[in-house]
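A.B. asks: just to be clear, the model below is a prediction. Sequence and coordinates:
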Amino acid sequence: MVKKEVVKKAKKVVAKKKKVMKKVVARKVAKIVRVPTGIKNLDRIIESGFEKNSTNLVVGGSGNGKSIFAIQFLIEGIKKGEKVLYVAFEEKKADFYVNMMELGWDLEKYEKEGKFFFLSYAPEKVKTMLEEGGGDIEMLVLGKKIQRIAMDSITTFVMLFESEVEMREGALSLFSLLRSWDCTSLIIYERDPLVDKKQSSRVLEFEADSLILLYFTRLKNERKRFLEVYKMRGTDHSKSVFPYEIRKNIGIDVSSSSFKGKFDSFAK
C-alpha cells in the first residue's frame with residue numbers, strides 16, 4: 001500500500017511538472033511577437049519576420065542593396081503606422097533622398113508627415129553617444145516613440161577602435177543601448193562574405209540576434225545577388241541560399257525558390 005501511494009504521489013508530481021512546463025513553453029511562445037521586414041518572400045522563411053525589439057545585422061559588400069534593405073524595412077513600419085529612424089554615417093540626406101526616389105520611395109514626404117526621421121551622424125559622435133548613455137539619438141527615439149531603427153553603415157564606427165577589446169566593448173555598449181530603447185533595430189555592416197575572410201565584424205555578428213548575409217557575385221559571366229539567413233535566434237529559419245533582385249517600387253525581391261548550385265563554383 002505504501003509503495004502504491006508513493007507511486008501515485010510521484011506520478012502526480014510528474015504530471016504537475018509537465019503541466020507547469022507546458023504553461024511556461026506556451027507563455028514563451030506567446031511572448032514572441034514578429035515584426036514583418038517588408039522584404040518580399042523573406043518573412044516566409046523566417047517565421048513572419050524579425051523578433052520584436054531584436055537587433056539584426058545585415059552584412060554585404062558593395063552593390064548588394066544593403067541601404068535598400070534598410071529603407072524597405074523602415075517603410076514597412078510606416079505602412080503599419082510606426083515611426084522610424086534612419087541613422088546615416090556616410091550618406092548625405094539630399095543625395096540619399098534622390099537615390100531612394102528613383103526606386104519609388106518618397107522619403108521627404110514621409111519626413112514631412114512625421115513618420116520618417118533622418119539623422120546624419122559621424123561615427124565619432126556614436127562613441128560620444130555611448131559615453132553619454134544615449135545622447136541626442138535617445139532623446140529622438142524616446143521623444144518621437146520610434147519603433148524601428150536602421151543604422152547604415154556601422155563599419156566606420158567599428159574601425160574607430162584600436163584594439164579588438166575596445167571594439168568588443170563598443171559593440172556591446174551599442175547593442176545594449178539599442179535593446180534598451182524597446183525598438184526593432186537593423187544594422188548594416190560593409191563586408192563581402194565571399195571575399196573578406198578577416199571576419200572583422202565577428203563581434204557584431206556574435207552579439208546580433210540575427211545575421212543576414214548578402215552576396216553579389218559572378219555566375220556564368222553575369223553578376224547575381226543572393227541572400228542567406230545565417231542565424232536568427234528563436235527562429236526556425238531556412239538554411240538555404242536564395243537569389244534576389246532589386247526592383248523599382250518593390251526594392252529587394254527574394255526568390256521563392258532556393259539556389260540549387262554551390263558557392264564554391266562562384267568566380268570572384
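C.D. replies: Looks like it arrived, so ask away. Residues are numbered from 1 along each chain as shown.
A.B. asks: and the next element down the chain from the helix or strand harbouring L130?
C.D. replies: Applying DSSP states H and E as the criterion places L130 in helix 123-132. Stepping forward along the backbone from helix 123-132, the first helix or strand reached (DSSP H and E) is helix 135-144.
A.B. asks: partners of the helix or strand that comes right after that following helix in the sheet?
C.D. replies: Remark: after helix 135-144, the chain's next helix or strand is strand 146-152, criterion DSSP H and E. Sheet pairing for strand 146-152, assigned by DSSP bridges, gives strand 83-88 (parallel), strand 184-190 (parallel).
A.B. asks: let me see the ranges of the strands in the chain.
C.D. replies: 34-35, 50-51, 55-60, 83-88, 116-120, 146-152, 184-190, 210-219, 222-232, 241-247, 251-254 (DSSP state E).
A.B. asks: and these as a markdown table, adding mean neighbour count, mean pLDDT and distance to M100?
C.D. replies: For every residue, glycine as well, the C-beta is placed using N, CA and C. Output for the strands of the chain, formatted as a markdown table (neighbours: other Cβ atoms under 10 Å; pLDDT from 0 to 100; distance: least, Cβ to Cβ, whole Å):
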| stretch | mean neighbour count | mean pLDDT | distance to M100 |
| --- | --- | --- | --- |
| strand 34-35 | 20 | 95 | 21 |
| strand 50-51 | 24 | 96 | 21 |
| strand 55-60 | 24 | 95 | 17 |
| strand 83-88 | 23 | 96 | 10 |
| strand 116-120 | 18 | 94 | 10 |
| strand 146-152 | 24 | 96 | 12 |
| strand 184-190 | 25 | 94 | 15 |
| strand 210-219 | 20 | 91 | 18 |
| strand 222-232 | 18 | 93 | 18 |
| strand 241-247 | 17 | 95 | 12 |
| strand 251-254 | 22 | 96 | 10 |
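A.B. asks: now render these as a markdown table, adding distance to L178.
C.D. replies: Putting those into a markdown table (distance: least, Cβ to Cβ, whole Å) gives the following:
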| stretch | distance to L178 |
| --- | --- |
| strand 34-35 | 14 |
| strand 50-51 | 13 |
| strand 55-60 | 5 |
| strand 83-88 | 10 |
| strand 116-120 | 14 |
| strand 146-152 | 7 |
| strand 184-190 | 5 |
| strand 210-219 | 13 |
| strand 222-232 | 17 |
| strand 241-247 | 26 |
| strand 251-254 | 23 |
